[in-house]
Structure formats: C-alpha cells, structure tokens
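In: sequence plus the predicted model coming up.
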Amino acid sequence: MTPTGLVLFHGAGGDRDHRIFLALEQLLELPVGRCNFPYRDRGPGRRPPDRMPKLIDSIHGHAARLADEWKVDPSGFVFGGRSMGGRAASMAVAAGLPAAGLLWLSYPLHPPGKPEKLRTEHFGDLDVPILLVQGHSDPFGKEPEFAEHLGDIPGPVEQVWLDRTGHDPVEKHDPTVLAGVADWLGRLT
C-alpha cells in the first residue's frame, strides 16, 4: 500500500521535536505526525517512560486521531521513531495495528551491556517493510548482532548503517538519514 502518512514516536529521553522528526516534516510531501507519549505530555521535568502497554495504546490513539485529521486510510501509515518509540511502534504493528511499513531510527535491540536481554520476541510477526537506520557503535545493538536476528522478520528489511556514531547519531549524519528515509518511503507501494 502506498503510504498515507508517517507517524513518529520519540525515544525514552526525547520528545516529538527531535531534529530528525522536524527535518522529515519539512522534507517530505507525505504528512508527518510527530507524537509524544503520555508521560512526556505531563509537563516539564524528567519522567520515566510509561510501560509498554500504555505506549502501545497511545500509538493506537494517535493513529486514529491523525487518520481523522488527515482524512486518510490509517492502514497506509508508516509507523516508527527513535529507539523506544520505534520499538513500541513495531510491537503495536506486530500485535495487529495495520501499517504500510516501519521506520526504526536507532532500534534498541537490547539494553547496553546486556546482549542476552533481546527485544526481538515480536520480530516474527512483522510482515511489513522496515527501514533500520543505526549507528555502527550503538551500544543498544551493533551490525553483527542485528544480522543474527533480522532474518526472523518476514517482511523486507533495508538497512542504513552510520559510521563512527552511536545511539544518537551526530548531526553530520542527518543528510544520510534524511535521504535514506525519503528514498525508502518513495519506493513503498
């Protein structure tokens, strides 16, 4: 299905105004929804993220709201985001949320220093196209680790690996990230 919108969710310490989200909104002709999770909307100050079921419920709520606002079919949405946001979006899709694809920006394959605590249990239920954009030195998952697990995903997975950067890629990589996302979205049908 041709994408009808891109719906993005932030990482645990971020918010809807991440520089890549803002740049994608400016770059793409596709509508872009930059969404906060409920804990981020509770006002200023550092708060721990909500538990995953609440994050997933929030994704469903944002999808319904944006479909109504944009007057489009929500099954054409590409969901994703940075780190925890991308993981939550993929878990929502694995549990049945219709989607045209998933965008993973710095997917947290495992907690840093704990490669045995994989976050892959839902990979077998992801039968949609996925774009993974990851830093080569990301402590949440490096290329050889992803190579072991991406084959569990039934949908096609494309990868963009960024040299000399970790979990929060430095700004010099922004053009590569933006071009990779725009190209991938342009090829989804």
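Out: Sure thing, it's come through. Residues are numbered from 1 along each chain as shown.

In: pass me the low-pLDDT residue ranges in the chain, would you?
Out: For the chain, the stretches flagged by pLDDT under 70 are 44.

In: quick one: the strands in this protein?
Out: 5-9, 32-35, 77-82, 101-105, 130-135, 157-162 (DSSP state E).

In: figure out which of the ones you listed is closest to residue 172.
Out: When the strands of the chain are compared by C-beta to C-beta, strand 157-162 sits nearest residue 172, at 9.3 Å. Bear in mind the C-beta positions are built from the backbone N, C-alpha and C, glycine included.

In: just checking: what are the partner strands of the closest one?
Out: Using DSSP bridges, the strands paired with strand 157-162 are strand 130-135 (parallel).

In: now do the partner strand: distance to the chain's middle.
Out: 9 Å (C-alpha atoms, centre = their mean, to the nearest Å).

In: now do it against strand 101-105, angle only.
Out: On the basis of axes from the mean of the first three to the mean of the last three C-alpha atoms, to 10 degrees, strand 130-135 is oriented at 0 degrees to strand 101-105.

In: so what's the residue count around residue 106?
Out: When neighbours are defined as other C-beta atoms under 10 Å, residue 106 has 27 of them.

In: that one contacts residue 136, correct?
Out: No: Residue 106 is beyond contact range of residue 136, at 11.6 Å (criterion: C-beta atoms under 8 Å).

In: which parts of the chain are helices?
Out: 19-27, 52-70, 84-94, 143-149, 174-187 (DSSP state H).

In: which of those is buried the deepest?
Out: Of all the helices of the chain, helix 84-94 has the most neighbours on average by mean count of other C-beta atoms under 10 Å, namely a mean of 25.

In: mind giving me the packing neighbours of it?
Out: strand 5-9, helix 52-70, strand 77-82, strand 101-105 (3 or more C-beta pairs under 8 Å, 6 or more residues apart in numbering; DSSP states H and E).

In: mind putting those into a markdown table with distance to residue 90?
Out: Shown next, in a markdown table, are those (distance: least, C-beta to C-beta, whole Å):
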| stretch | distance to residue 90 |
| --- | --- |
| strand 5-9 | 11 |
| helix 52-70 | 10 |
| strand 77-82 | 8 |
| strand 101-105 | 5 |
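
In: which of the strands of the chain is buried the deepest?
Out: strand 77-82 (a mean of 29).

In: quick one: contacts for residue 141?
Out: Contact analysis of residue 141 by C-beta atoms under 8 Å, 6 or more residues apart in numbering lists 107, 108, 109, 110, 134.
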